[in-house]
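K.L.:
Sharing a model prediction with you, sequence too.
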Amino acid sequence: MSQEMYFSRMQKLLKDEYNAYIESLSKPLYRGMRINLKKAELDEFDHLDNPSRFCKESYYVDKPLGNHPFHICGCFYLQEPSASSAVEILDVQEDDYVLDLCAAPGGKSTQIASHLKSGYLVSNEIDAKRAQILLSNIERMGVKNVAVTNTSVDKLAKVFDACFDKILVDAPCSGEGMIKKHDVALNNWSIENVELCATRQKEILEHAYFMLKPGGTLVYSTCTYALEEDEDVVLDFLEKHEDMILVDPEVSWGRKGFKDLNVRRIFPMDGGEGHFIAKFKKQSDVAGKLPVLKSKKIDNVTQKFLKEQLNTLPNNYYIDKDRVYGMDVPFVDFKKVKVLRQGVYLGDVIKNRFEPSHSFYMVADFDYKRKVDVTLEEMDLFMHGEVLQKECEKGYVAVCFKGHPFGFGKSDGKQIKNKIPKGLRLLPNSHVNID
Ligand SMILES: C[S@@+](CC[C@H](N)C(=O)[O-])C[C@H]1O[C@@H](n2cnc3c(N)ncnc32)[C@H](O)[C@@H]1O
């Protein structure tokens, strides 16, 4: 009954194009990858010949690439091409302070981070399990100036009053664009759920509004086609806030929205599984102030280690018991908000020595002094936890494939002891695969 209702709504929405939509459901899924420009250059991927129209570093791919060495190194993220459209429209500048409110598993957050230099990202996810996945993707992609939080949007809004330049609300939705990928999306479809999602989306947007700076940009996106969750949410938001204006997304792909709104829609007929994107600007003039913490002083042991390992050290530190975190911008005071990680977890001071973490060796813009390059076969061995028989300078060393670190080890000069965390190693029957 619900399924019938879904299809009859789509027919009403798409009219002449309904048959094309139905045909698209039996075609293969659009798969994609987005290159992490912080870690890799476009020309390192010369075998990619099918660029997506939604963002210049996004490509269509036709096979699973999770065990590709560059994926393990964090040089690309597997992302359905149309999912890269929202951040393209957000138009992140390198010094922006950005809040991604519904961030797991991290496709859009890692895309935002790839545009930042002196800026900062708060990447939030309400669901605890999903927040851990988000954190591991943030670390693999090597994001430095970031906080990963695990809380509800109302709790964030209690701390941050009008202080973000850009906010992304990639809202939880009824997922009509996921119907082809997951049967469950169609089986679970109901009008009640569409309405429930719309109510939740409006609530999230209210909190986002509060946290946005004057002059700031808010992008609202979903992967559903329902008017109730897309255009209607936009109209409701504009009605509630006279100081918010809808701005031109300034892109040529996809299509305009319904109800004469200058938003962007992508249907499968437009080259992606489906997205809806609206861009707003805030015109009021009362700015808030981001609460920041004073940088902590690191001890001599940490200082010595960091100087031995890096050409440029982070500017700011935060210390929690023996654990040391670093980043270039000041640490933010999250008060009672649950923070999974802020800055890079550099390592721990243990009995007067510094024990680095895996994430220390994954940072996109750390310039490591001690690196060793390994072959594909050696990478496979190392990813299975093996010791590498390889000569290199004694001490901790970043282990790299084609110059890109994917972990670290401790060398005695002749062999490199494996320091890849057990949870990140490959299972015995899974292998690094370049094809
Ligand atoms: C569409 S997904 C986000 C995808 C993500 N932006 C990406 O690009 O990888 C929506 C997320 O919102 C989260 N969510 C669910 N309910 C929420 C709520 N009430 N407030 C905020 N986020 C919520 C979900 O757990 C989910 O991870």
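P.N.:
Right, received. Where do you want to start?
K.L.:
which stretches of this structure have low pLDDT?
P.N.:
Across the chain, the ranges flagged by pLDDT under 70 are 1.
K.L.:
Any part of the lengthiest strand in the chain near the ligand?
P.N.:
Secondary structure of the chain per DSSP state E: the longest strand is strand 212-222. No. Judged by C-beta under 6 Å from any ligand atom, strand 212-222 stays clear of the ligand, getting no closer than 7.3 Å. Every residue, glycine included, has its C-beta placed from N, CA and C.
K.L.:
That strand pairs with which strands, and in what direction?
P.N.:
strand 164-170 (parallel), strand 275-282 (antiparallel) (DSSP bridges).
K.L.:
how would you label Val372: helix, strand or coil?
P.N.:
strand (DSSP: H, G, I helix; E, B strand; the rest coil).
K.L.:
distance of it from the ligand?
P.N.:
Applying C-beta to the nearest ligand atom, to the nearest Å, the value for Val372 to the ligand is 33 Å.
K.L.:
That residue: how many residues sit nearby?
P.N.:
Val372 has 19 neighbours, counted by other C-beta atoms under 10 Å.
K.L.:
got the contact list for the residue of the stretch 201-350 of the chain found nearest the ligand?
P.N.:
At 5.3 Å from the ligand, Ile204 is the closest residue in the stretch 201-350 of the chain, using C-beta to the nearest ligand atom. For Ile204, the contact set (C-beta atoms under 8 Å, 6 or more residues apart in numbering) comprises Leu101, Cys102, Val153, Val169, Ala171.
K.L.:
Quick one: those as TSV, columns for distance to the ligand, neighbour count and secondary structure too.
P.N.:
Output for the contacts of Ile204, formatted as TSV (distance: C-beta to the nearest ligand atom, whole Å; neighbours: other C-beta atoms under 10 Å; DSSP: H, G, I helix; E, B strand; the rest coil):
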residue	distance to the ligand	neighbour count	secondary structure
Leu101	6	26	coil
Cys102	3	23	coil
Val153	5	21	helix
Val169	8	26	strand
Ala171	6	25	coil
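K.L.:
Quick check: the farthest pair among those?
P.N.:
Largest separation among those by C-beta to C-beta: Val153 and Ala171, giving 10.2 Å.
K.L.:
Pop out the phi and psi values for Leu13.
P.N.:
phi -70, psi -40 (degrees, to the nearest 10).
K.L.:
which residue packs closest to it, ignoring adjacent ones?
P.N.:
Counting by C-beta to C-beta, 6 or more residues apart in numbering, Leu13 lies nearest to Tyr225, which is 6.5 Å off, once chain neighbours are set aside.
K.L.:
In three-state terms, label that neighbour for me.
P.N.:
coil.
K.L.:
okay, now it: neighbour count?
P.N.:
25.
K.L.:
check contacts around the most far-flung residue of the chain relative to its centre.
P.N.:
Within the chain, the residue lying farthest from the chain centre (C-alpha atoms, centre = their mean) is Lys414, at 38.2 Å. Going by C-beta under 8 Å, 6+ apart, Lys414 touches Gln389, Glu391.
K.L.:
For it, give its distance to Asp328.
P.N.:
36 Å (C-beta to C-beta, to the nearest Å).
K.L.:
do Tyr318 as well
P.N.:
Counting by C-beta to C-beta, the gap from Tyr318 to Asp328 is 13 Å.
K.L.:
Neighbour count: those two, which is higher?
P.N.:
Tyr318 (22 against 18).
K.L.:
Which of the three states applies to the more buried one?
P.N.:
Tyr318 is classified as strand under three-state DSSP.
K.L.:
Now do the contacts for it.
P.N.:
Contacts of Tyr318 by C-beta under 8 Å, 6+ apart are Leu293, Ser295, Lys296, Val324, Tyr325, Gly326, Phe331, Gln342, Gly343.
K.L.:
just checking, which of these belong to strands?
P.N.:
Val324, Tyr325, Gly326, Gln342.
K.L.:
Could you dump the strands paired with strand 212-222 into TSV with distance to Phe408 added?
P.N.:
Shown next, in TSV, are the strands paired with strand 212-222 (distance: least, C-beta to C-beta, whole Å):
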stretch	distance to Phe408
strand 164-170	32
strand 275-282	38
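K.L.:
List the buried residues of the helix or strand harbouring the residue of the stretch 201-350 of the chain closest to the ligand.
P.N.:
Here Ile204 sits within helix 191-211, counting by DSSP states H and E. By neighbour count with 16 or more other C-beta atoms under 10 Å, helix 191-211 contains the buried residues 193-194, 197-198, 201-202, 204-205, 207-211.
K.L.:
What of stretch 144-162?
P.N.:
Result for stretch 144-162 [16+ other C-beta under 10 Å]: buried residues 144-151, 153, 155-157, 159-160, 162.
K.L.:
same question, stretch 335-350
P.N.:
Val337, Val339, Leu340, Arg341, Gln342, Gly343, Val344, Tyr345, Leu346, Gly347, Asp348, Val349.
K.L.:
Export these to JSON lines and append columns for distance to the ligand.
P.N.:
Below are those laid out as JSON lines (distance: C-beta to the nearest ligand atom, whole Å):
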{"residue": "Val337", "distance to the ligand": "13"}
{"residue": "Val339", "distance to the ligand": "16"}
{"residue": "Leu340", "distance to the ligand": "14"}
{"residue": "Arg341", "distance to the ligand": "17"}
{"residue": "Gln342", "distance to the ligand": "19"}
{"residue": "Gly343", "distance to the ligand": "21"}
{"residue": "Val344", "distance to the ligand": "21"}
{"residue": "Tyr345", "distance to the ligand": "21"}
{"residue": "Leu346", "distance to the ligand": "26"}
{"residue": "Gly347", "distance to the ligand": "28"}
{"residue": "Asp348", "distance to the ligand": "30"}
{"residue": "Val349", "distance to the ligand": "34"}
